[in-house]
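Engineer: Okay, predicted coordinates and the sequence, questions at the end:
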Amino acid sequence: MEKNYTKKATFIFGITFLIIVIIFLFSIFRTNEYNYKNHRYHLKGEEVLDSKNEKDKVDINTSIRSSTWGKIFDFNNEGLTENNYRAYTYDFMVRNNTRDKVEKFSFKLIFNKDAYLSSAWNGSVEIHQNVKEKEYTATVADMREFNKENYKFETFTVDGEQLIHLKPGDYIIYHPSSSMNAMEMPIEAYKATVPGMIIYVDMKSKLNFFALDLQYKMHRILPDDLFFWIAFVAFLMWMVILVSYIITSMQLKKYKVQHEHDSKVLNESIETFTGFIDAKDPYTNGHSTRVAIYTKLIAKAMGYDKEELERIYYIALLHDCGKIGVPDSILGKPSKLTDEEYEIIKSHTVRGGQILERFKSLKDVELGALYHHERYDGRGYPEGIAGDEIPLIARMICVADSYDAMNSNRVYRRRLDKEAIIQEIEKNKGLQFDPVISEIFLKLLRNGEVDKATEKYNKEMRKKQ
């Protein structure tokens, strides 16, 4: 039973630990997948300059500064005198709306009208321009130091300022700087960074002349994942329960060893005492132990188990302890007892009850000794009580005691055979014996359980000899 319990506990602890490991691995997988995933936030048309855009994990808000200036773009040298293009400073606020870091990001401006890029600060600008029906791509590390001689871009110079011409379909990709001065990347939790650009457009054009596409990757540390904490708390609970189980198991094992030792001492003490009793009558040697064995069989068949069976066994083992005060000459007398001698024999029940009254560690131990000679019909002794008035343990001992008496050789007769004993018990159901208990015992007797128990006891006795 104990081995099965230990196996079951080990299995449960193993399965729960495996589940915790799976949850932890799932947390790692979930975090890695989250960190490797490319996220996208796309705006076009009027959405580009709409500050009320629905917020994403990371979003980009485009605003135009109020300070602007105009210039004359005289493409055909027509001698224009009024400003026809205006410079707008665009601020692109990239906001991190999470408690995770934005590991890296970039955003793309896709132009749908002609525009001229003047400057961009902090990061680098990757420019995709159609030149003579072919795409030309180059990255300008710092637009503030742009020199058209170093690139093949189509440019336009006005008032000494070199501008990159961006036609419909051209696009630029802004790559943020992670330098100590700029520190645009990474973006900490709930922080923002604001790259900027200066772009010239026709004064008649709308200011939302490009689509905007933000791409980014997040970086979440493992302890920020919910399933990490589920696994962590579950592991702590698992450890607490495991330690508690180990401590409890050790205490129970210690208690069991002590209990087994105490039971052994108690059993040996009682058996030694009952050995003295049985030794007074050589014809009934081992009688007390056999009665205890048969009584325990009856109790087990009635549904008792474990400690209750042990208690019942010990009570039955001590049922004849009162005989210690009966003279040997009466116990071993081969001839018929006188009335006075018979009364002395009968007094062993009362004397046994008195002796065992002081045995408080075994509940109701005196009841077996005091009442095991009471009859179910009320014609027994010492009190002449009947039926359910007789304690149950005494009614069990009564059947077991009578069986052993009939199954043993006595000075006045030889033991009865099995069929004769069965007939005697059948005949005395409801008279001497409780009918329910006697029926239980007859079943045990007929199916061989009683014989097996007797044979087992006899083998143990032979070994001791």
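Structural biologist: Everything's here; your move.
Engineer: how about the lowest-mean-pLDDT helix or strand in the chain: buried residues?
Structural biologist: One helix or strand of the chain scores below all others by mean pLDDT, DSSP states H and E: helix 328-331, with a mean of 78. By 16 or more other C-beta atoms under 10 Å, the buried positions in helix 328-331 come out as 330-331. Where C-beta positions appear, they are placed from N, C-alpha and C, glycine not excepted.
Engineer: Now do it: which elements does it pack against?
Structural biologist: Contacts defined by 3 or more C-beta pairs under 8 Å, 6 or more residues apart in numbering; DSSP states H and E place helix 328-331 against helix 339-346.
Engineer: Surely Asp451 is within a helix?
Structural biologist: Yes. Asp451: assigned to a helix according to DSSP: H, G, I helix; E, B strand; the rest coil.
Engineer: Next one, pLDDT for it please.
Structural biologist: For Asp451, the pLDDT comes out at 92.
Engineer: ok, now Pro282?
Structural biologist: At Pro282, pLDDT is 58.
Engineer: Need the residues that contact the strand or helix carrying Asp401.
Structural biologist: Element membership of Asp401, judged by DSSP states H and E, is helix 392-406. Identification of contacts with helix 392-406 by C-beta atoms under 8 Å, 6 or more residues apart in numbering yields 287, 290-292, 294-295, 298-299, 302, 312, 315-316, 319, 364, 367-368, 370-376, 390, 415-416, 420-421, 424-425, 428, 432-434, 437-438, 441, 445, 450.
Engineer: can you rerun that using 7 Å?
Structural biologist: 287, 290-291, 294-295, 298-299, 312, 315-316, 319, 364, 367-368, 371-372, 374, 415-416, 421, 424, 432-434, 437-438, 441 (C-beta atoms under 7 Å, 6 or more residues apart in numbering).
Engineer: CA-only coordinates of it, as PDB, when you get a sec.
Structural biologist: Extracted in PDB, the C-alpha atoms of helix 392-406 (Å, rounded to 0.1, in the frame of the first residue of the first chain):
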ATOM      1  CA  LEU A 392     -20.600  -6.200  19.600                       C
ATOM      2  CA  ILE A 393     -17.000  -7.200  20.300                       C
ATOM      3  CA  ALA A 394     -18.100  -9.600  23.000                       C
ATOM      4  CA  ARG A 395     -20.600 -11.200  20.500                       C
ATOM      5  CA  MET A 396     -17.800 -11.700  18.000                       C
ATOM      6  CA  ILE A 397     -15.500 -13.200  20.600                       C
ATOM      7  CA  CYS A 398     -18.300 -15.500  21.800                       C
ATOM      8  CA  VAL A 399     -18.500 -17.200  18.400                       C
ATOM      9  CA  ALA A 400     -14.700 -17.400  18.000                       C
ATOM     10  CA  ASP A 401     -14.200 -18.700  21.600                       C
ATOM     11  CA  SER A 402     -16.900 -21.400  21.200                       C
ATOM     12  CA  TYR A 403     -15.500 -22.500  17.900                       C
ATOM     13  CA  ASP A 404     -12.000 -22.900  19.300                       C
ATOM     14  CA  ALA A 405     -13.400 -24.800  22.300                       C
ATOM     15  CA  MET A 406     -15.200 -27.200  20.000                       C
END
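Engineer: I'd like the distance from that helix to the chain centre, please.
Structural biologist: 50 Å (C-alpha atoms, centre = their mean, to the nearest Å).
Engineer: Could I get the average pLDDT for it?
Structural biologist: Helix 392-406 comes out at a mean pLDDT of 95.
Engineer: mind giving me the domain split of this structure?
Structural biologist: For the chain, automatic domain parsing gives the domain ranges 38-219, 259-464.
Engineer: Save those as a markdown table, and put in distance to Thr16 too.
Structural biologist: A markdown table is the format used below for the domains of the chain (distance: least, C-beta to C-beta, whole Å):
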| stretch | distance to Thr16 |
| --- | --- |
| domain 38-219 | 30 |
| domain 259-464 | 29 |
